[in-house]
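J.: take this sequence and fold it.
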Amino acid sequence: MPSLGHELLTAFWQTIVIYLFLIIALRFVGRAIMAESTLPEYLIVALLGSAVELALYAGSSRLVTGLASAATLLVLNRIFTMLATRSSRLRRVLVGTPIVLAHDGQVVPGNLRRAGFTQRDLLTAIRERGYASVDDVRFAILEANGTVGVVPRQKDTGS
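T.: Next up, the predicted model:
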């Protein structure tokens, strides 16, 4: 039966191995994960935590399993990313497409519903970007990564 000291030392070294593995692996295959995340990228981050969880807590017999699971997730993410860059249909399915929430100062109600937004959500996003109301917006677009981009309307200069 291993002693508490031995278990702690094993957990210490396994944590270092997992940390270094994830740093190196994410450096090579996960740059997009570090940016504002799309749904698949968010899921990869969440699943990586679950993949290495057993290795962090269960002792040395689970280290290889945790690393193999994390590596599988990262490789699958890389494969799906490469396929999505080649197929717009697959990209739409995996990542989604931008949705126009407002155009030329007018809310687009059908798109708002499709995005699961309320008018209050839209107005909050517009104000967060420095505009007072939807009247100030040429486009408000819900991007695939969940952020709302705003293109302001051109002000009349009044010659």
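J.: so how far is Ala70 from Leu47?
T.: 9 Å (CB to CB, to the nearest Å). Just so you know, the C-beta spots here come from the backbone N, C-alpha and C atoms, and that holds for glycine as well.
J.: longest helix anywhere in this structure?
T.: Longest helix in the chain, counting residues (DSSP state H): helix 4-29.
J.: for that one, name the packing helices and strands.
T.: helix 39-57, helix 63-86 (3 or more CB pairs under 8 Å, 6 or more residues apart in numbering; DSSP states H and E).
J.: same list (the ones you listed) but as a markdown table, adding mean neighbour count.
T.: Below are the helices and strands packed on helix 4-29 laid out as a markdown table (neighbours: other CB atoms under 10 Å):
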| stretch | mean neighbour count |
| --- | --- |
| helix 39-57 | 17 |
| helix 63-86 | 16 |
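J.: which of those helices sits closest to Glu143?
T.: Glu143 lies closest, by CB to CB, to one member of these: helix 39-57, at 12.0 Å.
J.: tell me the mean pLDDT for the longest helix of the chain?
T.: Mean pLDDT, computed over helix 4-29, is 72.
J.: just for the protein, where's the confidence low?
T.: Scanning the chain with the threshold set as pLDDT under 70 gives 1-2, 7-8, 11, 26-37, 39, 54-61, 156-159.
J.: domain parsing of it, as residue ranges.
T.: Domain assignment for the chain by automatic domain parsing gives 4-93, 99-152.
J.: ends of the longest one, how far apart?
T.: Across its full length, domain 4-93 reaches 49 Å end to end, with CA to CA, to the nearest Å as the criterion.
J.: what do you get for the shortest one?
T.: Counting by CA to CA, the length from the leading to the trailing residue of domain 99-152 is 17 Å.
J.: off-centre distance for that domain?
T.: In terms of CA atoms, centre = their mean, to the nearest Å, the centre of domain 99-152 is found 20 Å from the chain centre.
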